[in-house]
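Colleague: Mind folding the following:
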Amino acid sequence: MATLLGRPAPLTSALCLPADVPLRTRSHGARRLYPDHIPTSPLQKALLAAGSAGMALYNPYRHDMVAVLGETTGHCTLKALRDQMKKDPEGAQILQERPRISLSTLDLGKLQSLPEGSLGREYLQFLDVNRVSPDTRAPTRFVDDEELAYVIQRYREIVVKWFEAVQTGLPMCVLGALFGPIRLRAQSLQALVSELIPWAVQNGRRAPCVLNLYYEQR
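Modeller: The predicted structure follows:
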């Protein structure tokens, strides 16, 4: 991840914007809706989306750019996901209680004690192999709705690319799934196309919405 490769460039420089150009806009009367919120106009969102898309393709390790792309292009899809959660009893409970998956909420020792093949043990192994933590996920900043901001934060903490592209339909997920593999070696790309993508598409369509699963209580 980007945090393991050195400190990432500031957001404005990464998007080729002058450092003195404020991302917080006052012209459209916006106000902060949650602690990390940066209110932005539609034009600013378009510029952020274009810049973050280019940077994410150039350097896939810039997870902060991937996060910006998701936040600035997924408003309608996030509303649909939020509505799905509200219609499901477990999803509605998640929206009300707003659990978070972070180092402060996880019991890593308990996860380590779980049997091989269990979700918790495999999740911990994923963190170890990739040298990341739950806190690697960037906080939501550019979603101008407090409830939708939680929806995208929750999604970041629980799902993965091709599966999430099928499940959520978020533009960022689809673009990441399509263009993310372009740097893979031929053998890895063949395995992705012949085995992994069909598995992800089939199970993404068949599985219930993963945002409605209260993992912390299972």
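Colleague: Would you mind measuring from residue 173 to residue 69?
Modeller: 10 Å (CB to CB, to the nearest Å). C-beta: built from backbone N, CA, C; applies to glycine.
Colleague: Residue 173 - how many residues pack around it?
Modeller: For residue 173, the count of nearby residues is 26 (other CB atoms under 10 Å).
Colleague: what's the pLDDT at it?
Modeller: Residue 173 is assigned 74 on the pLDDT scale.
Colleague: nearest residue to it other than its sequence neighbours?
Modeller: residue 165 (4.0 Å; CB to CB, 6 or more residues apart in numbering).
Colleague: Who are the contact partners of that neighbour?
Modeller: Counting by CB atoms under 8 Å, 6 or more residues apart in numbering, residue 165 makes contact with 173-174, 176-177, 204.
Colleague: and it, how far is that from residue 149?
Modeller: With distances taken as CB to CB, residue 165 is found 21 Å from residue 149.
Colleague: Equivalent analysis for residue 110, please.
Modeller: Where residue 149 is concerned, residue 110 sits at a distance of 29 Å (CB to CB).
Colleague: Name the nearest residue to the most centrally placed residue in the chain, sequence neighbours excluded.
Modeller: By CA atoms, centre = their mean, the chain has its centre lying nearest to residue 156, at 3.2 Å. Using CB to CB, 6+ apart and skipping the chain neighbours, the partner closest in space to residue 156 is residue 137 (4.7 Å).
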